[in-house]
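Visitor: turn this into a structure:
(2 chains)
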Amino acid sequence: VHDDALPARLSALSEALAVLRFELVADPDGELRLRDRIVADVGGHLARLADWDAPLLVVLGGGTGAGKSTVTNTLAGQVVAATGVVRPTTSNPTLVAHPGDLGWFTGTRVLPALPRAHGQRSGDGAGPGASGDSRVLRVVGVETVPPGLALVDAPDIDSVRTGNRTLADGLLDAADVWVWLATARTYADADGMEYLRRAERRRTALAVVLTQVHDADRAEILADLHTKLAAAGLAAVDVLTIPFAEISAEQLPAAAVAQLRGWLWPLAAPASRDRLRRQTLDGALDALRTEIDPLIDSVEKELATAARLARAAEHAFDALPDRMADALDDGLPLRQEVLDRWGELVGTGRLLTMVESATGMVRTWIRDTVASATGAEEERLQRRVRAAVADTVTELIVEADDLAVAQTVSAWRRFAPGAALLDRQPELTLAAPDLRDRAAATVAVWQEEIVELIRTKGAERKVRARWMTTVLNAAATAAILLAFASTGGLTGAEAGIAAGASAAQQALLSKLLGQQNLNWLLRELRSRLLDRVSTLAEAEARRYRDAVAVIAPDPADLARLREAVAAVDRARR
Amino acid sequence: VRTTRPRSAPLEDRLAGLDRLLALGEGRLDPAVLDSARGVRTNADARLSRGEDAVVVALCGGTGVGKSSLFNAVAGTVLAPSGARRPTTAEPCALVVGQPAAADPLLDWLGVTERHHVPAGALPEGLVVLDLPDHDSVVLDHRLTVDAFVERVDVLVWVVDPLKYAARGLHESYLRRLATHAEVVVVVLNRADELADDARGGVLDDLARLLAADGLRAARTLVTSALTGEGVDELRELVAAEAARRRAARQRLVADTRQVAAAAASGLGDRAVRHPPVGAATGGLSAALAGAAGVEATAAAAGAEYRVQARRASRSILWRPVAVVLGLLARPFRALTSLRARGDRRRRTRAAEQQARGNTPLSVRHATLRLLDGVAAGLPHRWRERLEAVAGAEDGRLVAAVRHAVDAVPLRPAHRRWWRPFAWSFSAADLMALAGLAWLVALGVLAWLRLPEPPTPMVTEALSWPTALLLGGALLRLLVGLLHRLLVRAGAARYRRSVAMRLRSAVDAVVRDEVAGPLDGELAVHAELRRLVADLRS
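Guide: Have a look, this model is predicted:
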């Protein structure tokens, strides 16, 4: 029982399934195959609903060697499908119908993906030789088949050629009725019984045909088969037999299939057609939710995976500023030569002479003259130290980022989807190529900012315009060195040197800013650098989050899929 | 019947190799691989301890292929029921030829209770043939039984028929996994009577192609029909030959070691080249550690210390009274000692802080990362993590060790012999000048008191001795002072360099012992595992 909205709802479900890509599943083949199968299945339902009066599609399925092709030939009364002893024999399915019904099958009614070939067998029925890619559905018109019925000889479901199984699955899903063939020797195979269980789950209209039955074993085997079918929940299913008989010209004697024909031909009547088609459709739609559930589970698992990967990256990059702060607390690892130069510049008080103090004209004149004589040298020195400081801070940022990248990569590698993602995008195992440039730019901006801070804190009144740049830049460098004083592994005397230099730095900065402002500045420049590093780390973490987000499923898609499944159910009540 | 006999190490060597693999592989190989290796080891012990005078041949295959019929045909009598109802055989059944001592323990181990004994004759003493249940029917228990037997029996005879020779379950779940066991696998195409003569060739070709795809090109194949008796004699001959040779059990176990080695190989990566010693690549790490331990700054401080010591040791005897007069005495000492104390204190706090945080400086961690990038290149991630742990980059142990090593390097320059003569020279110069000065002052005082001036000895006509002493002493002090300054500066620079060198080699030694050594050791384990696996696979 369903309403007119069902086709639209089924189309919506099909679309909701088609957007799933399972890119965060380590080995998505199973999921993709299931998705394609359900999409094809839903397509089949749509076709059924659109062409309700089409001939009843009866698919002959079973393991290899069950005699599907031979039985098809016998029912058709002529050779329409190749038979043989090399297993598996059939790789291209054959559809047999009354010539008047062939029109139904030229369109996309059955297996829209398969190209059609018409007429008698054209020698393409060979087994192992036929390539799996160029499969066709051969459509043959035969007068002996009653109008309203179409028989399909499907490939096997249990041979080493998995392509056959995929094709047979598609045909069986599209079928209105299954005729399941098994020989007296293979009826208890687990593979075949698995299919019969599926038919039971989907309430597909079904007949089980036992072939190659010797009269002597008949009763015993039938009893056993009934037991096994009952165990699979198929106690009420029709079981037919085809006795063992000599095959001539790829057909059995007509009498051998009389029972099967007697079961099949009446199905062509419109009433039974309608009934069986409805039974199969309703059963399949009822089973739909159960079949889609594994896909929904996979998508949920993907979302959890995506969250986990993103969290690992965030965890690593969130720690980057802290790591940077620790490194800065250890002191800027400047080379000794740079420190010596710096000691020369500030330790001797030469810079201090450039800072104006409120003394008489004569002393000011003398200071200016001295400063003029050495100013160019001072400027050069301070530039070198400033550049060295910038390089060192940049290097620290790059190293901290490298560590965060390594930490992220390590966390991802421990986890199959993460490892697969890294293999697909190996550039993620390294820092962004332009990171060093961006870090250097960040440091340059930060240094300028400190100069600006010192200027606004009242420096302009005390420094002669002529030396403004040199003094301010040097003061900024001094402030940085003071804030990140290198005391980590110092020995006594060296600490003395550092202390001497920092005393001179303190003097310079105090003179420019006053002690209170200086303390504020030291705190400020530290937090501003860490803020900028945080921004940079955030951008780096985004690379990883984006890489995950690009292939992660959209939670909205999952919601849409759930809603589409529910909508199909609603349309049927 | 084809037999292949690749040259390979005897089983005992392989089992010893497997033990070594298990010992080394703990924590380094996939636990699942280790489990299967342990399984092989257990099976080998169990099989060998039960004696080798019996050879166990098992007939396996899908339901309905005629295993039991073939079993009966080999036995020459009906022992196992064959029937139409599928699956027919539920319990394995054994045919024991003669009275081999190993038969009962083996069948107990395999869990076969139904045993039929026949005297040796047509079949040789020691042959045990098993008829197994199917592996492909709806009865799951049968599959589990078969799986257990496939792990343990000596020779596997896979029976197929024209209907099932291409079955997916057979090839994917069993034959493909036995690719290493071709020597002990026989594939029998039974029910050949169902094939017309002209169809037979095509089916056999197809079967051969499928077996080749499974990696079982070397497996022996036979065509039989339990119904017509075709090929049954050949099958009897084949199993009889296996029983007579009594080698199958070992061959099977050898194949097991090969199989488990193949599984282990994937966990070792495909880097085949020998690793260069890690020590060649630790330059960056040493530099980072040297930086973290303040090697350069420490050396600079040592140089400064040298200057202080050299100056102090070269002081003139007049320096102390003069310093006392001028109040200079305590200053340099006080300044230096207080600075040292302060620096030491700060350093200790800092080191304690870092230790408490378990914190390794950024530069050191980064250098370790780069080192491992090189060392672990081409290795699976599991090994990379292992090497990371071995290198101890994260636990702060390394930095502590370096600090310790650096602290152990003495920084106090030893007394140099040439310092003392400078003290004499300075003293002499000072005394000369002082003597001249005192003389002149004395002369001046005498002149001021209008006392008769004693005769002043003259060096030349224009220069008196007191003046010469004063000026000569001053000049001498200047010249010697200049020389002293030059020598001390050069000596300090040299001392600084030598301290830096000693500190660096202390750091290098730590890197060698704590990083390069363990990493080399771990890589050597990797190389040995690769060698073991390669040997086991051969």
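Visitor: now for A:A113, how many residues are close by?
Guide: 12 (other Cβ atoms under 10 Å in any protein chain shown). Backbone N, C-alpha and C define where each C-beta goes, glycine included.
Visitor: again with B:A167
Guide: Using other Cβ under 10 Å: B:A167 sits among 31 other residues.
Visitor: now do the contacts for it.
Guide: With contacts defined as Cβ atoms under 8 Å, 6 or more residues apart in numbering or on different chains, B:A167 is in contact with A:63-64, A:158-160, A:191, B:62, B:136, B:160.
Visitor: taking the mean pLDDT, what do you get for the lengthiest helix in chain B?
Guide: In chain B, taking DSSP state H as the definition, the longest helix is helix B:465-511. Computed over helix B:465-511, the mean pLDDT rounds to 93.
Visitor: who are the packing partners of it?
Guide: Judged by 3 or more Cβ pairs under 8 Å, 6 or more residues apart in numbering or on different chains; DSSP states H and E, helix B:465-511 is in contact with helix B:283-292, helix B:295-313, helix B:397-407, helix B:419-448.
Visitor: what residues does the stretch 351-500 of chain B put near chain A?
Guide: Counting by Cβ under 8 Å from any Cβ of the partner chain, the residues of the stretch 351-500 of chain B close to chain A are B:354, B:357, B:359, B:361-363, B:365-366, B:369, B:381, B:384-385, B:388, B:403, B:406, B:411.
Visitor: what's the most distant pair in the residues you listed?
Guide: Across these, no pair lies farther apart than B:H381 and B:L411, at 44.2 Å, counting by Cβ to Cβ.
Visitor: compare neighbour counts for the two and give me the winner.
Guide: B:L411 (20 against 16).
Visitor: which residues touch that one?
Guide: Contacts for B:L411 (Cβ under 8 Å, 6+ apart) come out as A:491, B:298, B:301-302, B:305, B:499.
Visitor: save those residues as JSON lines, and put in neighbour count too.
Guide: Listed next are the contacts of B:L411 as JSON lines, based on neighbours: other Cβ atoms under 10 Å in any protein chain shown:
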{"residue": "A:T491", "neighbour count": "25"}
{"residue": "B:T298", "neighbour count": "25"}
{"residue": "B:A301", "neighbour count": "25"}
{"residue": "B:A302", "neighbour count": "26"}
{"residue": "B:E305", "neighbour count": "22"}
{"residue": "B:V499", "neighbour count": "23"}
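Visitor: and of these, the nearest to A:L381?
Guide: B:A301 (23.2 Å).
Visitor: longest strand anywhere in chain A?
Guide: Longest strand in chain A by number of residues (criterion: DSSP state E): strand A:205-213.
Visitor: picking that back up, which among the residues of the stretch 351-500 of chain B next to chain A end up buried?
Guide: For these, a burial check counting by 16 or more other Cβ atoms under 10 Å in any protein chain shown picks out B:354, B:359, B:361-363, B:365-366, B:369, B:381, B:384-385, B:388, B:403, B:406, B:411.
Visitor: which one of these sits closest to A:D557?
Guide: Nearest to A:D557 out of these is B:H381 (Cβ to Cβ; 31.4 Å).
Visitor: what's the neighbour count on the residue lying closest to that closest one once chain neighbours are set aside?
Guide: Spatially, and ignoring its direct neighbours in sequence, B:H381 is nearest to A:R413 (4.3 Å; Cβ to Cβ, 6 or more residues apart in numbering or on different chains). Using other Cβ under 10 Å, A:R413 has 19 neighbouring residues.
Visitor: hang on, isn't A:R413 packed against A:A419?
Guide: Yes. Counting by Cβ atoms under 8 Å, A:R413 touches A:A419, with 5.0 Å between them.
Visitor: circling back to that earlier point, PyMOL command to pick out the buried ones of the contacts of B:A167?
Guide: The following PyMOL line selects those of the contacts of B:A167 that are buried, judged by 16+ other Cβ under 10 Å:
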select buried, (chain A and resi 63+64+158+159+160+191) or (chain B and resi 62+136+160)
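Visitor: can you pick out the most distant pair from the contacts of B:A167?
Guide: Pairwise distances across the contacts of B:A167 peak at 15.3 Å for A:D191 and B:V160 (criterion: Cβ to Cβ).
Visitor: burial of A:P115, as a residue count?
Guide: As a burial measure, A:P115 scores 9 neighbours (other Cβ under 10 Å).
Visitor: for it, give its distance to B:L210.
Guide: Separation of A:P115 from B:L210 (Cβ to Cβ, to the nearest Å): 29 Å.
Visitor: next: A:F484.
Guide: A:F484 sits 72 Å away from B:L210, taking Cβ to Cβ as the criterion.
Visitor: okay, those two: which has more neighbours?
Guide: Using other Cβ under 10 Å, the more surrounded residue of A:F484 and B:L210 is A:F484, with 25 against 22.
Visitor: identify the residues contacting the more buried one.
Guide: Going by Cβ under 8 Å, 6+ apart, A:F484 touches A:328-329, A:331-332, A:526.
Visitor: before we move on, what about B:A281?
Guide: Applying Cβ under 8 Å, 6+ apart to B:A281 gives the contacts B:371, B:374-375.
Visitor: from those residues, list the buried ones, please.
Guide: Among those, those scoring as buried are B:371, B:375 (criterion: 16+ other Cβ under 10 Å).
Visitor: report whether stretch B:78-85 contacts chain A.
Guide: Yes. Interface with chain A: stretch B:78-85 contributes B:83-85 (Cβ under 8 Å from any Cβ).
Visitor: what would the contacts of B:L411 look like in CSV with distance to B:G521?
Guide: Converted to CSV, the contacts of B:L411 look like this (distance: Cβ to Cβ, whole Å):
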residue, distance to B:G521
A:T491, 34
B:T298, 31
B:A301, 37
B:A302, 35
B:E305, 40
B:V499, 32
